[in-house]
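> Need a 3D model of the following:
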Amino acid sequence: MSLLLFFSLSMPVIAPTGREAPPKCVGSTMRVAVRRESDAGSALRAWLDARKDERILNAHEAARLGQLLSVLSEEIQAAGDWADAAAAMLEATHWRTQSETSLGEEPLPSNGMGVGPRVRRASRAAFALLLEGESAADVVSWLEREIIFRRAAGLASRRAAIGWIRDERPPTLVPALLTVARDFDDPLRPDVLDLLVRWEDEAVDLFLVRLVGRPFNRRDARHPYTLLLSRVRNGGTPLGERATEQLAGRLRVMLLSQDWRSAARAVALAGRLKSGVGVPLLLDALHVWDRRKAEGRGSRRILYELSDELGRISGRTGMGRDPRAWSTWWVAVQQGRTELHASGESRGEPRSSAAFFGLHPRSDQVTFIIDRSGSMSTEWGTTGHDRYTEAVEQMTRFLQASGPATRFNVILFSDSVERSSVELVPATAKNLSRARHSLLARGPNGGTSLRPAVNMALGLGSGNELDFDQVMADTVVVLCDGQTGSGPGWVAPLIEEVGEATQVVFECVLIGSNGDGTLKALAQQTGGEYLRVDG
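Next up is the predicted model:
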């Protein structure tokens, strides 16, 4: 397909005369260490430089761009040193105008006439044709050695190169990608890690498993656990045998750890292994955490998550959290007396017997975030008291039903934020009475600044530094009755930044119909439940 035809412009374009191309060089013999500057590459760069302050691409200039790209394509597909020509075309695939650079990437205009979008679209089409032609192997090899692996190529070009080979996935590239992935100072590392979780290669699997056993580097955008979880959840093939064996050993330690965060990470990973490996790990952990709970040092949330994962694997979601019942099921599976997965056997086990506005938090380490803005003074039905009083009363009843083994604290928010205590306190009758009277004495007033309360619950300081000593609860229950002061836009970036590290789940209740999506986003981003109630 001719690039000149691709543009379909009305202005005549004189393409360079054809010439017979000598035999192509193969990737192993290309000489790119000493790069000869391409005349066509220089011409394209000069043309782009002259357009950096423009906003509209007229037909004449569009035709000239098509001509330049055609010449570059011919040069790349011919013999000789074409590296500079390929580099120029690659640069054009991510080229931006001055206004785009200062304002951020713009969407493609509906009329298609913006300079930046037109250049990128045409250049990407030209580069895509190269990867479909006879020179594809040479171009991919060049991208590997001279762009991705070399920082001097520039981050934008290296990212573009990753994008071009994302679907190709040449096996020769694995060593180079792993080298970049092991270098914490390489700015391309996050992009490479995102690519590796889709690669499905034994060496890559082993690398991802070994990352899980190392301390988390805060400079990383993603926790090693989330990388491996993406691989096992979305991969078309299971982990390799060696990677599975190594991961099983690590998960056994994580599942039995006293650290509930470590156990929570391991539950989801164990459930994605082959059943013969993952189920015994989950069963052993269920027995241990059940015993710990009986001794007063366990975690209700971990018990629920273990039984949930076994329920997902088996299709039996009504068997509860009794490790003996699950062990009996597994023995029957191994003996061939029942199927591993039997759909439709759920008996609808409730998330918890205790409720807060119909919400059933599955935790015994809870922080309540309660709205005390002026709108919470609205009367609650025909009770004779307001929404705020109803929230305090329902929280008290929930904690009474949960029992003194449950520990809690409370954060109130309006224009400012108040916390009952940094530490979680047992839900004893004395503590509940004290908390109830203190909360009712404050009353609703002011605005709806939810975000500072969420930051406090997550242990975030003024500079967004994470302080785990301030994060006591594994579950945060949020109640609000209207639009928040800053809207929902901050939720996804915040949870992406600290959600994996904290492992906190948000369970949210919206009173009325004036929400702005913030509560729903908090619940969805962390795997919690969201409810809206009238009142």
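
> Confirm that Asp205 sits in a helix.
Yes. Under DSSP: H, G, I helix; E, B strand; the rest coil, Asp205 sits within a helix.

> For the nearest residue to Ser307 once chain neighbours are set aside, give me its contacts.
Closest residue in space to Ser307, ignoring its immediate chain neighbours: Arg321 at 4.5 Å, by CB to CB, 6 or more residues apart in numbering. (C-beta placed from N, C-alpha, C; glycine too.) Applying CB atoms under 8 Å, 6 or more residues apart in numbering, we find Arg321 in contact with Leu286, Asp290, Leu303, Tyr304, Leu306, Ser307.

> Over to Arg321: give its phi and psi.
Per-residue torsions, Arg321: phi -120, psi 20 (degrees, to the nearest 10).

> What of Ala294?
With angles defined as degrees, to the nearest 10, Ala294 sits at phi -60, psi -30.

> quick one on the thing from earlier: out of the contacts of Arg321, who's nearest Asp481?
Using CB to CB, Tyr304 comes nearest to Asp481 of the contacts of Arg321, at 28.2 Å.

> Does that closest one touch Arg362 like I think?
Yes. When contacts are counted by CB atoms under 8 Å, Tyr304 is listed as touching Arg362 (4.3 Å).

> Between the two, which is the more surrounded one?
Arg362 (23 against 17; other CB atoms under 10 Å).

> any idea how far the more buried one is from Asp474?
10 Å (CB to CB, to the nearest Å).

> follow-up on the earlier one: select from the contacts of Arg321 the one having the most neighbours.
Neighbour counts for these, by other CB under 10 Å, peak at Leu306, which reaches 31 neighbours.

> How about that one, nearest residue that isn't a chain neighbour?
In space, Leu306 is closest to Leu286, 4.6 Å off (CB to CB, 6+ apart).

> Please identify which helix or strand holds the one you found.
Per DSSP states H and E: Leu286 is located in helix 275-294.

> Can you list the buried residues in that helix?
Within helix 275-294, the residues scored as buried using 16 or more other CB atoms under 10 Å are 277-290, 292-293.

> again, but for stretch 468-486
Residues 471-485 are the ones in stretch 468-486 that count as buried (16+ other CB under 10 Å).

> For Gly485, list the residues it contacts.
Listed by CB under 8 Å, 6+ apart, the contact set of Gly485 reads Gly447, Thr448, Ser449, Leu450, Arg451.

> Need the buried ones from the residues you listed selected in PyMOL.
This is the PyMOL syntax for the buried subset of those, where burial follows 16+ other CB under 10 Å:
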select buried, resi 448+449+450+451
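
> Helices - which of the contacts of Gly485 land there?
Per DSSP state H, helices hold the following members of the contacts of Gly485: Leu450, Arg451.

> Output the contacting helices and strands for the helix or strand containing Leu522.
Secondary structure from DSSP H and E places Leu522 in helix 518-526. The helices and strands touching helix 518-526, judged by 3 or more CB pairs under 8 Å, 6 or more residues apart in numbering; DSSP states H and E, are strand 475-480, helix 491-502, strand 505-511, strand 530-533.

> could these go into TSV alongside mean pLDDT and distance to Lys520?
Converted to TSV, those look like this (pLDDT from 0 to 100; distance: least, CB to CB, whole Å):
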stretch	mean pLDDT	distance to Lys520
strand 475-480	98	11
helix 491-502	91	9
strand 505-511	97	7
strand 530-533	95	5
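
> Ok, which of the ones you listed comes nearest Arg166?
Distance to Arg166, taken as CB to CB, is lowest for helix 491-502 among these, at 21.2 Å.

> got the contact list for the closest one?
By CB under 8 Å, 6+ apart, the residues outside helix 491-502 that reach it are 216, 221-223, 225-226, 261, 454, 458-460, 464, 466, 468, 471, 518, 521-522, 525-526.

> out of the residues you listed, which are buried?
When the contacts of helix 491-502 are checked for burial by 16+ other CB under 10 Å, the buried set is 223, 225-226, 261, 454, 458-460, 471, 518, 521-522, 525-526.

> any idea how far Leu251 is from Asp284?
For Leu251, the distance to Asp284 (CB to CB) stands at 10 Å.

> no no, Ala59
Taking CB to CB, one finds Ala59 at 71 Å from Asp284.

> residues in contact with the residue lying closest to Ala126 once chain neighbours are set aside?
Among residues not flanking Ala126 along the chain, Leu69 sits closest, at 4.4 Å (CB to CB, 6+ apart). By CB under 8 Å, 6+ apart, the residues touching Leu69 are Leu3, Leu44, Met89, Ala92, Ala122, Ser123, Ala126.

> Between Arg362 and Asp474, which contacts overlap?
Counting by CB under 8 Å, 6+ apart, the common neighbours of Arg362 and Asp474 are Arg301.

> For the residue nearest to Leu306, give me the pLDDT.
Listed pLDDT for Leu286 reads 98.

> dump the residue contacts of it.
Residues in contact with Leu286, defined by CB under 8 Å, 6+ apart, are Leu303, Leu306, Ser307, Leu310, Arg321, Pro323, Trp326.
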